[in-house]
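S.K.: A predicted structure for the sequence below; I have some questions about it.
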Amino acid sequence: MLAIPAIALALQISGAPARAAPAPQDAYAMLKWRNVGPARGGRSIAAAGHASRPFEYYFGATGGGLWKTDDGGTSWRPVTDGQINSASVGAVAVAPSNPDTVYIGMGEGELRANVMQGDGVYRSSDAGKTWSHVGLANTRTITALRVHPANPDMVYATALGDPYASNEDRGVFRTRDGGKSWQKILYRSAEAGAVDLAIDPRDPQTLYASLWQVYRKPWKLWSGGPGSGLFKSTDGGDTWTELTRNKGLPSGVLGKITVTVSPADSSRIYANIEAEAGGLYRSDDAGKTWTHINDDRNLWQRSFYFMRMQADPADRDTLYVLSFRLEKSTDGGKSFSPVPTRHADIHDLWIDPSNPRRMIVADDGGASVSVNGGATWTEQDLPTAQIYRLATTNSFPFQLCGALQDNSSVCVPSRLTSRLDEASHVDAFADFKVVANSESGYVAPHPAKPGLFFVGATNALSRFDAGRQHTRDVQPYPYSVMGQPASSMKERWNWTYPILFSPIAPHPLYIGSQHLWRSRDEGQSWQKISPDLTRADPATLGETGGPIRPDQDGPEVYGTIFTIAPSPVNPQLVWTGSDDGLVHVTRDDGASWQAVTPAGLPPYTRISFIHASAHDPATAYLAAKRHEMGDRQPYLYRTQDYGASWSRIDTGLPAEAFTHAIVEDSKQRGLLFVGSEKGVHTSFDNGASWQPLSLNLPVTHVSGLSVVGNELAIATHGRSFYVLEGLETLRHLAAGGLPSGPMLFPVADAVLNAVPARMNAYLDTAVNGATLTVSDQAGATVRRIALPGRLAAGAHSFAWNLRHDGAVVFDGMVLEAANPANGPNVLPGTYRVTLDIGQTRLSRDVTVLLDPRLDGVTPRDLEAQHDLALKLRDAVSTANQTVRDIRALRASWTMPLRRGALADRRQVLLDKLGAIEATLYQVRNQSPKDKIAFPIQLNDRLAHLMAVVGQGSGAPTLAQRQVYDVLQGELAVVMDRYRALMQADVPRFTQQLRATGMSMPAPR
């Protein structure tokens, strides 16, 4: 029978007493997010293990929380979901003296343009099962956690601070009580934070720490200044001595510095330094003097993103430098060779101090474990992908598409249609389809040509025909600009420049530099249809990455169109929003433009997303963000007059839930969904108020949303794609308000063999059991499901898998065929779903549709299939019920009888009934593999044919009909024998028994 997860929301009962309405989130609490993958790792900069537990490791996903393995990296599970309030793990440490004590520090210190900040430090005392926040919330970025070798409560945290604003919560912090209190023990300024710290394992009172002066703006990274430096303490951090200008260290401006101590020799210290004379420095006298041992740029390239080091625990001359590759030296840093890994861009490395061949690496593909010194590594098939934007297709099931940070652009199906019988919110990952090698751009599926995609990247715009596996570049201005400042570019293309089709035929394609471009021939030619729609402030278009080394890879290109919104109701209407805070609209297909930026919007606010309403051409919504300007509050606006005026609509959102995207429901006007740094919220009143909609979703950055039918799809920057079913429930709440009594919400259309009917209900009081009944239009019962146990007051959900009641079965039945208790599919059509709760009856209609991917299947085909499947179900029921009746009769004939005619007569009847039973079912089967030794019998063959006939959608084959006739004939012969016994021999025997004074139950 169908497994029932629980119950849901519903139709108001007339005459029921009025009750207080529930809180909005309580009314839809039955809804569940379903992760659909891809199972492909995103960036990780933190990993750890423990010497005493060789199969246990942790890694932090930058946007996806902390993950743990207990089997050496074969499988992973998230362990912080629902327990932490920020998504990006920047550091993880397991106490060397107690493997159950684990600390994580939140926020990314490898400062690329899309880093996420955190809320301090969390601690677990039970190996990751439960977590408590233990302070430093305002540090924003924890780059390293070091636990004292013998004291799990003494921890050092290096806090880089807010990379976008000055703040005092920077430097090195120490706790002696497991995080109950913290002391700032090394600090230089509000502009320089701590980036690394090493404890001498032979003398834990000796510490080395580095400070880094760095800041980011949306248009610039600046690494280096007087705040950077290298420090040493010999009293556990109470006092510090600066080593920065010790003999042998570089002069001039310093940037990022990382440091490590050799566990094999406390005098051997390595420092990797960003400077004009940058590279690897080594000290053999505990930091007093230094030698510039290696200036290879492979060791300190892109210093803001790499440079961490890890010394081998057993050999002072073996050192790993974490860079684009994992670089290894066995001669004290004089030379290096790369260690092959699963993925490039290496950020963290933990090595078992008792076995240097066992290690875990964190990189831009997730985490991998090696037990042979890096010769081989475990896979990185984890749903922690960092997706920049979301696009959905018009196919069935629809595809979710997006570009994955440091991976390719992919599409995944919204559901696995082979999992119809399971609860629809169960995570299930299908194979993903790569549509381009881009890691950052938009994916734009053609609305009318399945399999045709346009994908953007730095210096690229690809037209990909999936059917032909054919790719062409169709940029409007293919002039490569790598390494240049924005001011020198004729066309400024953002790292994630927008690419969108108009939803209205003939579907022109739009892309944005600082100008809006349009193509009517799929990229073969382009028209520039706007002036510069940005501020183009020269102060924001200069070089980036200095003062030591420029870094101009694309993410800091500024003064660009960041979002485009073609209207779904007016082909002449297009909105644009820029990353420097301007909004424009054209109502004549680009012939003229109006500046319609909301009044009061601060300069340089990134217009992250504009959504054009499908209900009213004058209405649009925008989501904006200023976290890169040091302002983390949400910014949401609505216009209902083409931008002439705007209303702020973010009241009720969490204070730091800065907003990435907003969409309006395609069916219910004013039902809104917003994706923020903290998850998803919904508004039932056009933005006047907001309710949380994260439900079971982990805290994560939601970068895109799309309403597709009855589902809400999202892209996350750290946990791959998710889908939420049940928008009919939210639409009903938005249109009719909250329930004041028991309700069964409207049911979305279901699809045979693909989408089950999911019913959501709200109960105002607890009930002891309920019954779900499905009936056809004639009122005949199709399916009846008893919901067991006590149902608590509140929101519930349950499903019908679009099947009839199944065949009769019996205990201990072992079949080769699929379980015949799973009945045949119903026909497409409208059905009535009724929920009986005590004296209350709630009903809704549900429409069952044929899978739209099927061609050439007629109603007559389906009726023939349905008719034969039901006949087979009934035949299986006849066979199985007969077995049950024979066994019941046998059980009733166990009374003692003296030897003689009556006892002999009973044995003869038992033998005849046993022969019939054995013809209907293989009675020797006791285990699943017994059917190999003992031939299957009639009920098994009937059940097999029932499953074969019910597979897919289409008319039965001639062979299926022929075998049905054979099996039905065999069953008729057996049943004639059985009826003859039951109509003559068995009644005669029971009469003889009664004549002796014995009471017998009447036979069936």
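M.R.: That came through fine.
S.K.: so which strand or helix has Lys871?
M.R.: In the assignment (DSSP states H and E), Lys871 maps to helix 859-892.
S.K.: How about that helix, which residues are buried there?
M.R.: For helix 859-892, burial by neighbour count (16 or more other C-beta atoms under 10 Å) applies to 862, 864-866, 868-873, 875-886, 889. Quick note: C-beta positions are derived from backbone N, CA and C, even for glycine.
S.K.: For the nearest residue to Thr234 once chain neighbours are set aside, list the residues it contacts.
M.R.: Ranked by C-beta to C-beta, 6 or more residues apart in numbering and with sequence neighbours excluded, the top spatial neighbour of Thr234 is Thr206, at 5.3 Å. Neighbouring residues of Thr206 by C-beta atoms under 8 Å, 6 or more residues apart in numbering: Ile199, Asp200, Lys232, Ser233, Thr234, Val261, Ser266, Ala286.
S.K.: of these, buried ones?
M.R.: Neighbour-count burial (16+ other C-beta under 10 Å) is assigned, among the contacts of Thr206, to Ile199, Asp200, Lys232, Ser233, Val261, Ala286.
S.K.: Break down the stretch 801-950 of the chain into its helices, ranges please.
M.R.: Listed in chain order, the helices of the stretch 801-950 of the chain (DSSP state H, counting those that start in this stretch) span 859-892, 901-920, 930-933, 938-949.
S.K.: Make TSV from the ones you listed and add mean pLDDT to it.
M.R.: Listed next are the helices of the stretch 801-950 of the chain as TSV, based on pLDDT from 0 to 100:
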stretch	mean pLDDT
helix 859-892	97
helix 901-920	93
helix 930-933	86
helix 938-949	97
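S.K.: Figure out which of those helices is closest to Leu416.
M.R.: Among the helices of the stretch 801-950 of the chain, helix 938-949 comes nearest to Leu416, with 19.4 Å by C-beta to C-beta.
S.K.: on that earlier part again, ok, so of the contacts of Thr206, who is nearest Gly670?
M.R.: For the contacts of Thr206, the nearest to Gly670 is Ile199 (56.9 Å; C-beta to C-beta).
S.K.: Quickly list what that closest one is bridged to.
M.R.: Ile199 forms beta bridges with Leu207, as assigned by DSSP bridges.
S.K.: Now do the same contact list for it.
M.R.: Ile199 sits next to Arg146, His148, Pro149, Tyr156, Thr206, Leu207, Val261 when contact means C-beta under 8 Å, 6+ apart.
S.K.: ditto for Arg308
M.R.: Arg308 touches Asp196, Thr258, Asn272, Val321, Leu322, His347, Asp348, Leu349, counting by C-beta under 8 Å, 6+ apart.
S.K.: Check what pLDDT the residue lying farthest from the centre of the chain gets.
M.R.: In the chain, the residue that sits farthest from the middle, by C-alpha atoms, centre = their mean, is Gly900; the gap is 73.8 Å. On the pLDDT scale, Gly900 is placed at 78.
S.K.: For stretch 242-252, measure first residue to last.
M.R.: In stretch 242-252, first residue to last residue: 16 Å (C-alpha to C-alpha, to the nearest Å).
S.K.: ok, and for that stretch, which residues are buried?
M.R.: Here stretch 242-252 shows Leu243, Thr244, Asn246, Leu249, Pro250 as buried, counting by 16+ other C-beta under 10 Å.
S.K.: Among those residues, which lie within helices?
M.R.: Using DSSP state H, no member of these falls in helices.
S.K.: could I get the strand or helix carrying Val774 in PDB with only the CA atoms?
M.R.: In this structure, Val774 is located in strand 767-775 according to DSSP H and E. The C-alpha coordinates for strand 767-775 follow below in PDB (Å, rounded to 0.1, in the frame of the first residue of the first chain):
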ATOM      1  CA  VAL A 767      -7.800  13.400  15.100                       C
ATOM      2  CA  ASN A 768      -7.400   9.700  15.600                       C
ATOM      3  CA  GLY A 769      -7.000   8.400  12.100                       C
ATOM      4  CA  ALA A 770      -8.600   9.400   8.800                       C
ATOM      5  CA  THR A 771      -9.500   7.800   5.500                       C
ATOM      6  CA  LEU A 772      -8.600   9.000   2.000                       C
ATOM      7  CA  THR A 773     -11.000   7.800  -0.800                       C
ATOM      8  CA  VAL A 774     -10.600   8.400  -4.500                       C
ATOM      9  CA  SER A 775     -13.600   7.900  -6.700                       C
END
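S.K.: thinking again about what came up before, where's the helix holding Lys871 relative to the chain centroid, distance-wise?
M.R.: How far helix 859-892 lies from its chain's middle: 43 Å, per C-alpha atoms, centre = their mean, to the nearest Å.
S.K.: helices and strands around it, which ones?
M.R.: Contacts defined by 3 or more C-beta pairs under 8 Å, 6 or more residues apart in numbering; DSSP states H and E place helix 859-892 against strand 822-825, helix 901-920, helix 938-949, helix 958-980.
S.K.: before we move on, which element is Tyr534 in?
M.R.: Actually, residue 534 is Thr. It isn't Tyr. Counting by DSSP H and E, Thr534 is part of no helix or strand.
S.K.: so it touches Thr560, yeah?
M.R.: Yes. The criterion here is C-beta atoms under 8 Å, and Thr534 meets it with Thr560 at 6.3 Å.
S.K.: Common neighbours of the two, please.
M.R.: Residues within reach of Thr534 and of Thr560 at once, by C-beta under 8 Å, 6+ apart, are Arg492, Gln514, Ser578, Asp579.
S.K.: burial measure for Asn768, as a count.
M.R.: Neighbour count of Asn768, defined by other C-beta atoms under 10 Å: 9.
S.K.: Without its sequence neighbours, what residue ends up closest to it?
M.R.: Arg790 (5.3 Å).
S.K.: Dump the contacts of Ile199 into JSON lines; add pLDDT and secondary structure as well.
M.R.: JSON lines is the format used below for those (pLDDT from 0 to 100; DSSP: H, G, I helix; E, B strand; the rest coil):
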{"residue": "Arg146", "pLDDT": "98", "secondary structure": "strand"}
{"residue": "His148", "pLDDT": "98", "secondary structure": "coil"}
{"residue": "Pro149", "pLDDT": "98", "secondary structure": "coil"}
{"residue": "Tyr156", "pLDDT": "98", "secondary structure": "strand"}
{"residue": "Thr206", "pLDDT": "98", "secondary structure": "coil"}
{"residue": "Leu207", "pLDDT": "98", "secondary structure": "strand"}
{"residue": "Val261", "pLDDT": "98", "secondary structure": "strand"}
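S.K.: ok, so of those, who is nearest Gly709?
M.R.: Arg146 (50.8 Å).
S.K.: show me the contacts for the closest one.
M.R.: Counting by C-beta under 8 Å, 6+ apart, Arg146 has contacts Ala93, Val155, Tyr156, Leu197, Ala198, Ile199.
S.K.: Do I have it right that His347 meets Gly366?
M.R.: No. At 10.8 Å, His347 does not count as touching Gly366 under the criterion of C-beta under 8 Å.
S.K.: who's more crowded, these two?
M.R.: Shown here are His347 and Gly366; by other C-beta under 10 Å, Gly366 has more neighbours (29 against 26).
S.K.: Now that one: closest residue in space, sequence neighbours ignored.
M.R.: For Gly366, the spatially nearest residue (C-beta to C-beta, 6+ apart) is Gly41, at 2.4 Å.
S.K.: Give me the number of neighbouring residues for the one you found.
M.R.: Neighbours around Gly41, by other C-beta under 10 Å: 32.
S.K.: Can you pull the phi/psi pair for it?
M.R.: With angles defined as degrees, to the nearest 10, Gly41 sits at phi -70, psi 150.
S.K.: got a list of what Pro447 touches?
M.R.: Asn394, Phe501, Pro503, Ala505, His507 are the contacts of Pro447 under C-beta under 8 Å, 6+ apart.
S.K.: mind redoing it with 10 Å?
M.R.: Pro447 sits next to Thr393, Asn394, Phe501, Ser502, Pro503, Ile504, Ala505, Pro506, His507 when contact means C-beta atoms under 10 Å, 6 or more residues apart in numbering.
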